[in-house]
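# predicted model follows, preceded by the sequence.
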Amino acid sequence: MDVLIGAKRKKFTRFEVSKAAAIAKMLAPQWAFEAINDAMQWQGAFGYSKDCQEQKALRGVRSYMLAEGSTKIMKLIVVREILGKEWLAYK
């Protein structure tokens, strides 16, 4: 994959792209969960009521952490790309 960075073109292997995508999929839901949780806490008891939109957003983000390629799987992909397949516990 070619990417233009500044004035230079840089080639990335599919493994580098896979690692970057796994890192993004692992971290984005965690950061979103923390941000929404903070917003709910600022609102006090209203933040946990069904009338609060953040409560619905928190459940949605939580589903990404569980279902959409769970964060545990993303961690395994990142570790595999960093350390190599020979360090995996499963084979």
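Yep, that arrived.

# can you name every helix or strand that the helix or strand harbouring V61 contacts?
Using DSSP states H and E, V61 sits in helix 53-66. Contacts defined by 3 or more C-beta pairs under 8 Å, 6 or more residues apart in numbering; DSSP states H and E place helix 53-66 against helix 14-42. Just so you know, the C-beta spots here come from the backbone N, C-alpha and C atoms, and that holds for glycine as well.

# just want the angle from the helix it packs on to helix 53-66.
For helix 14-42 against helix 53-66, the angle by axes from the mean of the first three to the mean of the last three C-alpha atoms, to 10 degrees is 150 degrees.

# what helices and strands are in contact with helix 14-42?
helix 53-66, helix 71-83.

# make a markdown table from these and add distance to G47 and mean neighbour count to it.
Formatted as a markdown table, the helices and strands packed on helix 14-42 follow (distance: least, C-beta to C-beta, whole Å; neighbours: other C-beta atoms under 10 Å):
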| stretch | distance to G47 | mean neighbour count |
| --- | --- | --- |
| helix 53-66 | 6 | 15 |
| helix 71-83 | 24 | 15 |
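
# make JSON lines from those and add mean pLDDT to it.
Listed next are these as JSON lines, based on pLDDT from 0 to 100:
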{"stretch": "helix 53-66", "mean pLDDT": "86"}
{"stretch": "helix 71-83", "mean pLDDT": "80"}
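
# now do the contacts for K75.
Residues near K75 by C-beta atoms under 8 Å, 6 or more residues apart in numbering: M26.
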